[in-house]
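okay, here's the prediction I keep looking at, along with the sequence it came from:
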Amino acid sequence: MRTLSLFIFLFFNNTCKETTSVYICNSPYAKKYHNNSKCRGLGNCTYKVISIDIEKAKKDGKVLCGWEK
């Protein structure tokens, strides 16, 4: 019973967390994040496009791209 309870706890703990990755242009001047790596707003990025956690993007002051609203 203890093993089953532990399994259920771990399963729901991992599946209920909302960790979403978003894409940003790794430029020091980039201000937007994108839900899709093929977003039209990333077309002018001359730096590398990277994937980061949405919470980190928001913490860094980035906002959702206008093409995806």
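Yes, it's here.

chain neighbours aside, what residue packs nearest to the residue nearest the centre of the chain?
In the chain, the residue lying closest to the centroid (C-alpha atoms, centre = their mean) is Ser21, at 2.2 Å. Nearest residue to Ser21, sequence neighbours excluded (C-beta to C-beta, 6 or more residues apart in numbering): Ser51, at 4.7 Å. C-beta here means a position set from N, CA and C on the backbone, and glycine is covered the same way.

the one you found: what's it in contact with?
21-23, 37 (C-beta atoms under 8 Å, 6 or more residues apart in numbering).

next one: Asn36
So Asn36 contacts 23, 68 (C-beta under 8 Å, 6+ apart).

secondary structure class of it, three-state.
Recorded secondary structure, Asn36: coil (DSSP: H, G, I helix; E, B strand; the rest coil).

can you pull the pLDDT of it?
pLDDT for Asn36: 94.

tell me the phi and psi of it?
Here is the backbone geometry of Asn36 (degrees, to the nearest 10): phi -120, psi 130.

list the buried residues of stretch 55-63.
By neighbour count with 16 or more other C-beta atoms under 10 Å, stretch 55-63 contains the buried residues 57, 62.

alpha carbons only: can I get it in CSV?
The C-alpha trace of stretch 55-63 is given here as CSV (Å, rounded to 0.1, in the frame of the first residue of the first chain):
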residue,chain,number,x,y,z
GLU,A,55,8.8,31.5,-16.1
LYS,A,56,12.4,32.5,-16.8
ALA,A,57,11.4,34.4,-19.9
LYS,A,58,8.8,36.4,-17.9
LYS,A,59,11.3,37.0,-15.1
ASP,A,60,13.7,38.4,-17.6
GLY,A,61,11.0,40.9,-18.7
LYS,A,62,10.0,39.2,-22.0
VAL,A,63,6.4,39.3,-23.2
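
what mean pLDDT does it get?
pLDDT averaged over stretch 55-63 gives 96.
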